[in-house]
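In: below: sequence and its predicted model.
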Amino acid sequence: MSIAKILVVEDDAELQEALVDILSLNQFEVLAVSSAEQALQALDDEIGMVFTDIRMDGMDGYTLMKRLRAYKPYLPIVLMTAYGTVEQAVAAVKHGAVDYIEKPFEAKVLVEKAKAYFNRDASSEDDFVASDPVTVQLKTMAQKVAKSDASIFIGGASGTGKEVLARYIHAQSDRNSGPFVAINCAAIPENMLEATLFGYEKGSFTGAMKSMPGKFEQAQGGTLFLDEIGEMKADLQAKLLRVLQEREVERIGSTKTISLDVRVLSASNINMKQAIEEGRFREDLYYRLNVFPMRLPPLQERPKDIAAIADRLIARHCGVSRVQPMITAPAMRKLLQYPWPGNIRELDNVMQRALLMMNGDAIQESDILLDDAMDGSMHNFARSERVDESQQNSEPEFEETLFVNDAIENVVAPTDNGNAVWNEQALPVDLKAREMQLILQTLQQFSGHRQKTAEALNISPRTLRYKIAKLKEQGVDVP
Ligand SMILES: Nc1ncnc2c1ncn2[C@@H]1O[C@H](COP(=O)(O)OP(=O)(O)OP(=O)(O)O)[C@@H](O)[C@H]1O
């Protein structure tokens, strides 16, 4: 839960005290100051909303609002206005205040405003948003099964929310005061996965400088979530099965057994039945993990989730200090018509882009930049280049705008050795950055082979050379 506070700026001591009491009684954290100057000093990342008086000695509420806006463009600011200044307050709303309250006001009006603008339900990352009948049913099932210690296997494509569901099950269980430990079995180097899961003693292998508890031990009293379990190699599958059967673990290099009180949840996006048939996954282990199977359908199969999850993602990215924009009907229609191959993770990216693109207080259809449209633009772009080249220009024509350069700066993160690496997380919204990403991925795919990369991208080797030179200028490590 966020520790964000409401800042109250009021020079009338009695009124200030009353405001603090009302808000505190309604579970808000409050910080009160008596002047605009003090408010500017008090401003920090914990301030999630401001109620300010307008007429104060020194700097007035309007000026304060403008100054606050400069620091924090999305901070909700509510002006408290006396009779006679309402018109000005209305004008101020046009210039950035989210609302105003006319004095004298009832306590409930103050609380309503606080709830409306401050109460961004970042309530919990653990909450599993479900609005579609399919997921509503799944959620009800999760609540019931959470109360037992049964192992649950969650199937579903990448980005459908398997980890979110696992966290939700933990949160709903009697183990929720214990730890939730998640490990992605595919992300840990094969030779380290055993040590990571079971722990090791100092000196048990080269590099084991000190003893370390494994994920099983770390999850004592709580839940261990084994993600991408389908990627686990056969010998480790056998060891995992033994640990699950005996409910005890031995660290590598130790003969001491440690009893376990851990509930195991697991997930995979591969077809486990097929993996078993092909001998890649042990059937006995699968049945131990799969006491209670759950499956998250692709987002496309639960369209009623789209609006609810989009709202939650927006709230998450706006945090407590930005007014949450609404999604216009045409924008929502666009979201509903898209097939979402990347599921909720892709929806998340699209919402983040929309928040960057939007102007005003609502997300418009044009702010929704879908991946396939972006890839499409990339191909159109490549085609238009070929036309340029056929005109025998000595150098390809590119719109190298400042925006492009900014975008590249955002997607490359410098490393310790001064080189830059591609930072997928920081990928911004514009098409050029996507284009550059595509070039790098294709280069990697063909181990840096220029000719093959150019062919795969359907651009000429000369264009590719030009683009690589541009990337290198930006400090990107090109394979
Ligand atoms: N029901 C939901 N409500 C809100 N956010 C969700 C929901 N489901 C997924 N998300 C968000 O979508 C993103 C992907 O979810 P998650 O990591 O749980 O997917 P996954 O199926 O485990 O993916 P992978 O198989 O790639 O590990 C996360 O940002 C998560 O917070």
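Out: Here it is on my side, so go on. Numbers count the residues shown, from 1 in each chain.

In: does whichever residue of the stretch 201-350 of the chain sits closest to the ligand lie in a helix or a strand, and which?
Out: Residue nearest to the ligand within the stretch 201-350 of the chain (Cβ to the nearest ligand atom): residue 344, separated by 3.6 Å. In short, each C-beta sits where N, CA and C put it, glycine included. Taking DSSP states H and E as the definition, one finds residue 344 inside helix 343-357.

In: just the residues contacting that helix, thanks.
Out: Contact partners of helix 343-357, identified using Cβ atoms under 8 Å, 6 or more residues apart in numbering, comprise 157-161, 298-299, 306, 309-310, 313-314, 317-318, 325, 331, 335, 340, 342, 363, 366-371, 427-429.

In: for the helix or strand following it, the distance to its chain's centre please.
Out: Under the assignment DSSP H and E, the closest C-terminal helix or strand after helix 343-357 is strand 362-363. Centroid displacement of strand 362-363 relative to its chain, using Cα atoms, centre = their mean, to the nearest Å, is 19 Å.

In: what helices or strands is strand 362-363 leaning on?
Out: strand 326-327 (3 or more Cβ pairs under 8 Å, 6 or more residues apart in numbering; DSSP states H and E).

In: and the strand it packs on, which strands flank it?
Out: If you go by DSSP bridges, strand 326-327 pairs up with strand 362-363 (parallel).

In: which positions in the stretch 51-200 of the chain make contact with the ligand?
Out: Within the stretch 51-200 of the chain, the positions near the ligand by Cβ under 6 Å from any ligand atom are 128, 129, 156, 158, 159, 160, 161, 162, 163, 164.

In: what about 5 Å?
Out: 128, 129, 158, 159, 160, 161, 162, 163, 164 (Cβ under 5 Å from any ligand atom).

In: same check on the stretch 251-400 of the chain?
Out: Residues of the stretch 251-400 of the chain lying near the ligand (Cβ under 5 Å from any ligand atom): 269, 309, 312, 344, 345, 348.

In: same thing but 8 Å
Out: Proximity of the stretch 251-400 of the chain to the ligand, by Cβ under 8 Å from any ligand atom, involves residues 267-269, 296, 305, 308-309, 312-313, 316, 343-345, 347-348.

In: of the residues of the stretch 51-200 of the chain next to the ligand, which belong to helices?
Out: Among these, the ones falling in helices (DSSP state H) are 162, 163, 164.

In: ok, and the most crowded of these?
Out: Of those, residue 162 is surrounded by the most neighbours, 25 neighbours in total, counting by other Cβ atoms under 10 Å.

In: who touches it in this structure?
Out: Residue 162 makes contact with 154, 155, 156, 227, 267, 269, 296 under the criterion Cβ under 8 Å, 6+ apart.

In: now do residue 40
Out: Shown in contact with residue 40 (Cβ under 8 Å, 6+ apart): 64, 67, 68.

In: of those residues - the most surrounded one?
Out: Highest count within the contacts of residue 40 by other Cβ under 10 Å belongs to residue 64, 25 neighbours.

In: can you tell me the helix or strand for it?
Out: Applying DSSP H and E, one finds residue 64 within helix 61-71.

In: what residues sit buried inside that helix?
Out: Using 16 or more other Cβ atoms under 10 Å as the test for burial, helix 61-71 gives 61, 62, 64, 65, 67, 68.

In: which among those residues gets closest to the ligand?
Out: residue 68 (30.3 Å).

In: mind checking the SS state of residue 154?
Out: strand (DSSP: H, G, I helix; E, B strand; the rest coil).

In: please name the bridge partners of it.
Out: Where residue 154 sits in a bridge, its partners, by DSSP bridges, are residue 267, residue 294.

In: what about it, how many neighbours?
Out: Residues near residue 154, counting by other Cβ under 10 Å: 28.

In: residue 477 versus that one, what's the distance?
Out: Using Cβ to Cβ, to the nearest Å, one obtains 37 Å as the distance from residue 154 to residue 477.
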